[in-house]
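Chemist: The sequence isn't on hand, but the structure is:
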């Protein structure tokens with residue numbers, strides 16, 4: 001009988017833990033401006049090391065919260081004033097098994113953290129790039145104005 005009590009307590013604790021995790025997720029998504037994304041946290045094995053989570057846009061920051069965590073503080077904070085997208089590609093190799101087919105992987109350079117890879121849905125990439133380009137003029141993520149082309153004068 002003692003074993004059944006211990007198993008019952010473990011089961012109730014597990015259900016309570018799941019409730020807290022999903023309640024935390026709901027609280028994070030309550031304010032709006034959130035997206036589903038994955039961030040590569042480990043690059044030791046190629047194609048592996050992705051962490052699923054929620055991205056929350058707050059001002060000039062994209063805050064990454066892990067999906068299965070109890071922490072209310074973000075795991076990573078990406079500042080759009082120093083974030084530049086270097087490459088956009090489709091998942092390849094083992095990545096195809098861990099993320100949906102319509103997702104894209106963005107390799108970004110971030111001044112404080114070096115290079116970082118972010119994966120998100122194709123439709124989300126459009127909004128993310130718009131948010132990144134909407135930075136004030138002169139920031140690394142913003143689009144610079146087109147250079148004006150002037151006709152060359154021939155000197156004799």
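Modeler: Yes, it's here. Just so you know, these numbers come straight off a predicted model, no measurement behind them. Numbering: from 1, shown residues only.
Chemist: Near residue 102, how many other residues are there?
Modeler: 11 (other C-beta atoms under 10 Å). Just so you know, the C-beta spots here come from the backbone N, C-alpha and C atoms, and that holds for glycine as well.
Chemist: Sorry, wrong one. I was asking about residue 52.
Modeler: Neighbour tally, residue 52, other C-beta under 10 Å: 14.
Chemist: How about residue 76?
Modeler: There are 18 residues near residue 76, going by other C-beta under 10 Å.
Chemist: ok, it touching residue 39?
Modeler: Yes. Contact criterion C-beta atoms under 8 Å: residue 76 and residue 39 qualify, at 6.3 Å.
Chemist: Now do the shared contacts for these two.
Modeler: 64, 116 (C-beta atoms under 8 Å, 6 or more residues apart in numbering).
Chemist: pLDDT-wise, which helix or strand of the protein ranks last?
Modeler: helix 95-98 (a mean of 82; mean pLDDT, DSSP states H and E).
Chemist: mind listing what's buried in the following helix or strand past that helix?
Modeler: Following helix 95-98 in sequence order, the next helix or strand is strand 103-110 (DSSP states H and E). Using 16 or more other C-beta atoms under 10 Å as the test for burial, strand 103-110 gives 103, 104, 105, 106, 108, 110.
Chemist: Helix or strand: which one has residue 38?
Modeler: Using DSSP H and E, residue 38 falls within strand 34-40.
Chemist: what lines up beside the helix or strand just after that strand in the sheet?
Modeler: Of the helices and strands lying after strand 34-40 in sequence (DSSP H and E), the nearest is strand 50-58. Strand 50-58 pairs in its sheet with strand 34-40 (antiparallel), strand 61-66 (antiparallel), by DSSP bridges.
Chemist: what about strand 50-58, average pLDDT?
Modeler: The pLDDT scores in strand 50-58 average 87.
Chemist: Isn't residue 98 up against residue 45?
Modeler: No. The pair residue 98 / residue 45 is not scored as a contact, 12.0 Å apart, by C-beta under 8 Å.
Chemist: In contact with residue 42, which residues?
Modeler: So residue 42 contacts 48, 49 (C-beta under 8 Å, 6+ apart).
Chemist: Phi and psi next, for it.
Modeler: phi -140, psi 130 (degrees, to the nearest 10).
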